[in-house]
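Asker: no sequence for this one, just the structure:
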């Protein structure tokens, strides 16, 4: 084949210099046609749109043509011409075709539609579908939007550790990291495992959050964000939970709870706007195929100010709904940790826009949240979204050393793990706030997908660590 430098399909479809000689490479989505001519839909992953390659069969070897099947990888030299059909401006009149990789008829992605459940079983091939191509391009764009937002605001990207020996969010939900022989564990007289011979000399786990280390960084650099993988060993088989997921956690010195809410609202609106500005072809596809209200919902979030609602008022609204005959699966009372159905009722039915719920009872929130004067509630905030429920959780942090120590003791968190965290309250403490955004929850909202396993390339869930 004549050597012509490759053009990505996303760039080719924008061109109007018809008559130009071009080269495209990609995977065959479909081939149709007659005895004289074939129409090959080619996709290279750069866009949801295929380019149509017109193949005059008389000009090509019959044996080679047999190899142009769904899934095959080909290189095409040809002339860019104005498209006769609707849907695209340009197509390619093929002059030379090279088969880069043949694909036999056992290829599971043939031309029919496939269920999302089936595609999870072949997660190594599902990025080649329109749906997952769209989701993964949007995933990239959301990561870029997050970095751009914080960078432009003067935040510093801070890498918190993945392996940690501190267990501050509850022991039962951490994956252990060890080099020990699990068939032959050494134990002491009490029957406890001895970690002396282990790699770190103590029990170590995969992190559940970068927040505590992020707080240390914020008290030095002023404003930071973390963005990395986090791990929860909850046995949750729900459409909203993964064992391995990504978290974005900004932390800002001198911000109070109001500043924190403003930052969260500005941040999430920026991400949604970025998606509409940069991913509209992919979003339109997902809107048409999966969720007819997706674009409308994305636009509505941008238009409205989020409601700021104290927990106590939220519970009163929910209790009134129950009194008026609304049925919830889980009970509602002051002190309850609200379920997704309660959060969605407030957002979708009552206010019809996103809600930031604040001032939760201290019993249902983490030890590090700043206590309010009433002694009963803390300066927490959860951002609740339509279809998702909680998408962001955060708080103003407790900056008072004595109050924090008291809370750690009340919750029976081992003090030996927390000395370094408490140091920030001893050495020049300051008010500070932050929040965590589950990246995949954001992607659920932006893509309209219904299951969190469909917005991460290789989902890790109970009894599933394939690929």
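Answerer: Yep, that arrived. Because the structure is predicted, anything quoted here is derived from the model rather than measured. Residues are numbered from 1 along each chain as shown.
Asker: and residue 296, how many neighbours does it have?
Answerer: Residues near residue 296, counting by other C-beta atoms under 10 Å, number 10. For glycine as for every other residue, the C-beta is placed from the backbone atoms N, C-alpha and C.
Asker: and it, what are its phi and psi?
Answerer: In terms of degrees, to the nearest 10, the main-chain angles of residue 296 are phi -60, psi -40.
Asker: what separation is there between it and residue 303?
Answerer: 11 Å (C-beta to C-beta, to the nearest Å).
Asker: what do you get for residue 240?
Answerer: Distance from residue 240 to residue 303, by C-beta to C-beta: 26 Å.
Asker: can you give me the helices for the stretch 351-467 of the chain?
Answerer: Assignment of helices within the stretch 351-467 of the chain using DSSP state H, counting those that start in this stretch yields the ranges 401-410, 419-426, 439-447.
Asker: what's the most buried one of these?
Answerer: Stretch with highest mean neighbour count among the helices of the stretch 351-467 of the chain: helix 439-447 (a mean of 24; mean count of other C-beta atoms under 10 Å).
Asker: which elements pack onto that helix?
Answerer: Judged by 3 or more C-beta pairs under 8 Å, 6 or more residues apart in numbering; DSSP states H and E, the packing partners of helix 439-447 are helix 130-152, strand 244-253, helix 257-278, helix 280-289, helix 294-303, strand 389-396.
Asker: do you know which of the helices of the stretch 351-467 of the chain lies nearest residue 289?
Answerer: Among the helices of the stretch 351-467 of the chain, helix 439-447 comes nearest to residue 289, with 10.8 Å by C-beta to C-beta.
Asker: near the closest residue to residue 56 other than its chain neighbours, how many other residues are there?
Answerer: Leaving aside its sequence neighbours, residue 56 sits nearest to residue 37 (C-beta to C-beta, 6 or more residues apart in numbering; 5.8 Å). Using other C-beta under 10 Å, residue 37 is surrounded by 12 other residues.
Asker: can you pull the contacts of residue 37?
Answerer: Counting by C-beta atoms under 8 Å, 6 or more residues apart in numbering, residue 37 touches 54, 55, 56, 57.
Asker: try residue 268
Answerer: 301, 383, 391, 392, 437, 442.
Asker: thought the fifth one was touching residue 247?
Answerer: Yes - counting by C-beta atoms under 8 Å, a contact exists between residue 437 and residue 247, whose distance comes to 7.0 Å.
Asker: higher neighbour count, those two?
Answerer: residue 437 (24 against 21).
Asker: identify the residues contacting that one.
Answerer: Contacts of residue 437 (C-beta under 8 Å, 6+ apart): 247, 248, 249, 264, 267, 268, 391, 392.
Asker: show me what it is bridged to.
Answerer: residue 248, residue 392 (DSSP bridges).
Asker: per-residue confidence for it?
Answerer: Here the pLDDT value assigned to residue 437 is 97.
Asker: quick revisit: dump the helices of the stretch 351-467 of the chain to JSON lines, plus distance to residue 324.
Answerer: JSON lines is the format used below for these (distance: least, C-beta to C-beta, whole Å):
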{"stretch": "helix 401-410", "distance to residue 324": "38"}
{"stretch": "helix 419-426", "distance to residue 324": "45"}
{"stretch": "helix 439-447", "distance to residue 324": "29"}
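Asker: so which of those helices is nearest residue 460?
Answerer: Nearest to residue 460, of the helices of the stretch 351-467 of the chain and by C-beta to C-beta, is helix 439-447 at 11.3 Å.
Asker: please report how far residue 374 lies from residue 62.
Answerer: From residue 374 to residue 62 the distance is 83 Å (C-beta to C-beta).
Asker: and residue 36, how many residues sit next to it?
Answerer: 9.
Asker: ok, now which ones touch the residue nearest to it when sequence neighbours are not counted?
Answerer: Nearest non-adjacent residue to residue 36, counting by C-beta to C-beta, 6+ apart: residue 57, 6.0 Å away. Shown here is residue 57, whose contacts under the criterion C-beta under 8 Å, 6+ apart are 33, 35, 36, 37, 38, 65.
Asker: same question, residue 246
Answerer: Counted by C-beta under 8 Å, 6+ apart, residue 246 has contacts 227, 228, 229, 230, 438, 439, 440, 456.
Asker: ok, 7 Å please
Answerer: Contacts here follow C-beta atoms under 7 Å, 6 or more residues apart in numbering; on that basis residue 246 touches 227, 228, 229, 439, 440.
Asker: sheet partners, orientation included, of the helix or strand where the second one lies?
Answerer: Spelled out, it's residue 228. Per DSSP states H and E: residue 228 is located in strand 223-231. If you go by DSSP bridges, strand 223-231 pairs up with strand 156-157 (parallel), strand 244-253 (antiparallel).
Asker: now it against helix 257-278, angle please.
Answerer: Per axes from the mean of the first three to the mean of the last three C-alpha atoms, to 10 degrees, the angle that strand 223-231 makes with helix 257-278 is 70 degrees.
Asker: residue 240 contacts residue 453, correct?
Answerer: No - counting by C-beta atoms under 7 Å, residue 240 stays clear of residue 453, with 10.1 Å between them.
Asker: so the most far-flung residue of the chain relative to its centre: helix, strand or coil?
Answerer: Taking C-alpha atoms, centre = their mean, the residue of the chain most remote from its mean C-alpha position is residue 58, at 48.8 Å. Secondary structure for residue 58, judged by DSSP: H, G, I helix; E, B strand; the rest coil, is helix.
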